[in-house]
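Colleague: output the structure for:
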Amino acid sequence: MFSGANQGGKAILKCFGVRITVYLVDGSLSKWHEGPDILRQLESLQSRGFSGKELVHALFTDDWGTPPVSVCISGTKPSGAAGQVTIPYY
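Modeller: So this is what the prediction gives:
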């Protein structure tokens, strides 16, 4: 997700992207970016007791084709706090 500002006629973009890396059982990877809302969803689901496979399904999908081994979520919140969470898929 990007937020923009205009300074002297130039658009200034700041990225608050969150990187998702999925490690699959066949050794391959799937990578993409999400906006910071995914971090709020993650915290909300964890506070309600979601973990592992159930958490991954609630955040993303249960239709992987080749199943994951784990899902890594890393990035920086708009507040500037950085971090990484690895969710084992079992």
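Colleague: what are the buried residues along the one helix or strand residue 23 maps to?
Modeller: Assigned by DSSP states H and E, residue 23 belongs to strand 18-24. Buried residues in strand 18-24, counting neighbours by 16 or more other Cβ atoms under 10 Å, are found at 18, 20, 22-24. (C-beta placed from N, C-alpha, C; glycine too.)
Colleague: and the residues you listed, which two are the farthest apart?
Modeller: 18 and 24 (19.5 Å; Cβ to Cβ).
Colleague: how many other residues sit next to the closest residue to residue 76 other than its chain neighbours?
Modeller: The shortest distance from residue 76 to any non-neighbouring residue, by Cβ to Cβ, 6 or more residues apart in numbering, is to residue 82 (4.5 Å). Residues lying near residue 82 (other Cβ atoms under 10 Å) number 9.
Colleague: about what we covered before: partners of the strand holding residue 23, with directions?
Modeller: According to DSSP bridges, strand 18-24 forms sheet pairs with strand 29-34 (antiparallel), strand 68-76 (antiparallel).
Colleague: from the chain's centre, how far out does stretch 40-51 sit?
Modeller: 13 Å (Cα atoms, centre = their mean, to the nearest Å).
Colleague: kindly report the same for stretch 54-69.
Modeller: Stretch 54-69 sits 13 Å away from the centroid of its parent chain (Cα atoms, centre = their mean).
Colleague: quick one: average confidence on that stretch?
Modeller: Stretch 54-69 carries an average pLDDT of 95.
Colleague: show residues contacting that stretch.
Modeller: Under the contact criterion Cβ atoms under 8 Å, 6 or more residues apart in numbering, stretch 54-69 has outside partners 20, 22-26, 28, 38, 41-42, 45-46, 50, 71, 87-89.
Colleague: and stretch 67-84, what's buried?
Modeller: Judged by neighbour count using 16+ other Cβ under 10 Å, the buried positions of stretch 67-84 are 68, 71, 73, 75-76.
Colleague: how much space separates the nearest residue to residue 20 once chain neighbours are set aside from residue 18?
Modeller: Excluding the flanking residues, the one nearest residue 20 by Cβ to Cβ, 6+ apart is residue 32, at 5.3 Å. Residue 32 sits 10 Å away from residue 18 when distances are taken as Cβ to Cβ, to the nearest Å.
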